[in-house]
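A.B. asks: just coords:
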DNA sequence: ATCTTTGTTCAGAAAAAACTTTACGTACTT
DNA sequence: AAGTACGTAAAGTTTTTTCTGAACAAAGAT
């Protein structure tokens, strides 16, 4: 009887954990690491690497790398526990912030790299257009390229401001955390 | 001399293409498909599968699957060209819309799946709490689980409204496409 | 100081993903 | 109707990623 209840509980949890894990690839997170996250989510205590390995039936090494990935994304935090030498981890329950952190971190970085490359190439293309004896064909291609780059740069400017409004939480003015009552 | 110019042009383009491709993993897109996208970006004509294969030194099959991935994400469009039997493709230059489409498609889908699983499990957990002779331990765990689920559901409710404001372009009121002049 | 415990690095094994070649179906051409 | 061009599916190969076990370094315990 007791087992029956426990089984029901586990089944309910596992459904969520697995769905969550599957969809975490949007965060660039592997299924296993997603399962780790989900497992920790339903724990009311911070977990040690050994407990994780036990829970998932995986090596401690994998837990170590998995939990580091999650830490890098601010999805879990390392917790101080006195009286034990083991590290303890628990999920960061502020999902809104997790989402924002992910964006700031990954999308901002990508955006900046792209902008950097584009600006550098744009300069080169401009200088190319100054060249004497530039064939019409190359000239046309360079001009198209600059147009495409400018178009993209306008987007990245927008994206940067977009991420700003998330980081500053200004976004919650437009889209409030608590839906406005009717 | 002519070659010199062309080489300069290609180098400028390739820098952008490669950077772009590398960072497209945020869209869940493989490096090769990213290179394909970048290549098409700097083309002023729509490309055929054969031209793509030529340009990337890859098989036509790969181009076929790559371009389909990009089409699914609305990043490229298939173009009608009369007088030829080949399919032609060109990138969708509206980057803002591409970003929004990606979000609508991927994040909305993930969100809905997660919500679905959570609601289902939440019901099961509620019903579990009604059971007679429920051990204190299981009861406590079920209650924690419900709390965690409710916390997540609040976030997904927000996320859904957030995506709404993107799809409806309301987001451009808060974050205008053209930065406000000073 | 020596012996444990703990987390991580590294090399190799296992699994998954990406890419290519072959084969096939459809639609256009002659 | 037969032949050809085109895109894609399927099977097989190569490459990449993930996972593990052994070895190691740091910190604590004895």
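C.D. replies: Received, thanks. Here the structure is a predicted model, which means the values were calculated and not measured.
A.B. asks: contacting residues around the residue sitting nearest the centre point of chain A?
C.D. replies: Geometric centre of chain A, nearest residue: residue A:102, 3.5 Å, by Cα atoms, centre = their mean. Contact partners of residue A:102, counting by Cβ atoms under 8 Å, 6 or more residues apart in numbering or on different chains, are A:27, A:73, A:74. Just so you know, the C-beta spots here come from the backbone N, C-alpha and C atoms, and that holds for glycine as well.
A.B. asks: one more time with 6 Å, if that's ok
C.D. replies: A:27, A:73 (Cβ atoms under 6 Å, 6 or more residues apart in numbering or on different chains).
A.B. asks: secondary structure element for it?
C.D. replies: Here residue A:102 sits within helix A:95-102, counting by DSSP states H and E.
A.B. asks: mind checking pLDDT for residue A:1?
C.D. replies: We have a pLDDT of 64 for residue A:1.
A.B. asks: actually residue A:41, sorry about that
C.D. replies: On the pLDDT scale, residue A:41 gets 98.
A.B. asks: which parts of chain A are strands?
C.D. replies: A:76-79, A:88-91 (DSSP state E).
A.B. asks: buried sites along the first one?
C.D. replies: Meaning strand A:76-79. The neighbour-count check on strand A:76-79 (16 or more other Cβ atoms under 10 Å in any protein chain shown) flags residue A:76 as buried.
A.B. asks: does DNA strand D sit close to that strand?
C.D. replies: No - remark: strand A:76-79 sits outside contact range of DNA strand D, by Cβ under 7 Å from any atom of the strand, the gap being at least 14.4 Å.
A.B. asks: please apply the same query to the last one.
C.D. replies: No - using Cβ under 7 Å from any atom of the strand as the criterion, no contacts between strand A:88-91 and DNA strand D are found, and the smallest distance is 15.0 Å.
A.B. asks: for that strand, packing partners?
C.D. replies: Strand A:88-91 sits against strand A:76-79, with contacts defined as 3 or more Cβ pairs under 6 Å, 6 or more residues apart in numbering or on different chains; DSSP states H and E.
A.B. asks: for chain A, what's the longest helix?
C.D. replies: For chain A, the longest helix by residue count, based on DSSP state H, is helix A:136-167.
A.B. asks: could you give the angle of it to helix B:136-167?
C.D. replies: 140 degrees (axes from the mean of the first three to the mean of the last three Cα atoms, to 10 degrees).
A.B. asks: can you tell if helix A:136-167 touches chain B?
C.D. replies: Yes - using Cβ under 6 Å from any Cβ of the partner chain, helix A:136-167 reaches chain B at A:138, A:141, A:142, A:144, A:145, A:148, A:151, A:155, A:158, A:161, A:162, A:165.
A.B. asks: buried members of those into PyMOL, please.
C.D. replies: Paste this into PyMOL to select the buried members of the residues of helix A:136-167 next to chain B, with burial taken from 16+ other Cβ under 10 Å:
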select buried, chain A and resi 138+141+142+145+148+155+158+162+165
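A.B. asks: can you get me a residue count around the closest residue to residue A:120 other than its chain neighbours?
C.D. replies: Excluding its sequence neighbours, the residue lying closest to residue A:120 (Cβ to Cβ, 6 or more residues apart in numbering or on different chains) is residue B:15, at 6.6 Å. When neighbours are counted by other Cβ atoms under 10 Å in any protein chain shown, residue B:15 registers 16.
A.B. asks: so where's chain A shaky on pLDDT?
C.D. replies: For chain A, the stretches flagged by pLDDT under 70 are A:1-2, A:181-182.
A.B. asks: quick one: the residue located most distally from the centre of it from DNA strand D, how far?
C.D. replies: In chain A, counting by Cα atoms, centre = their mean, residue A:133 sits farthest out from the average C-alpha position, at 48.3 Å. Separation of residue A:133 from DNA strand D (Cβ to the nearest atom of the strand, to the nearest Å): 37 Å.
A.B. asks: no further queries at this time; thank you.
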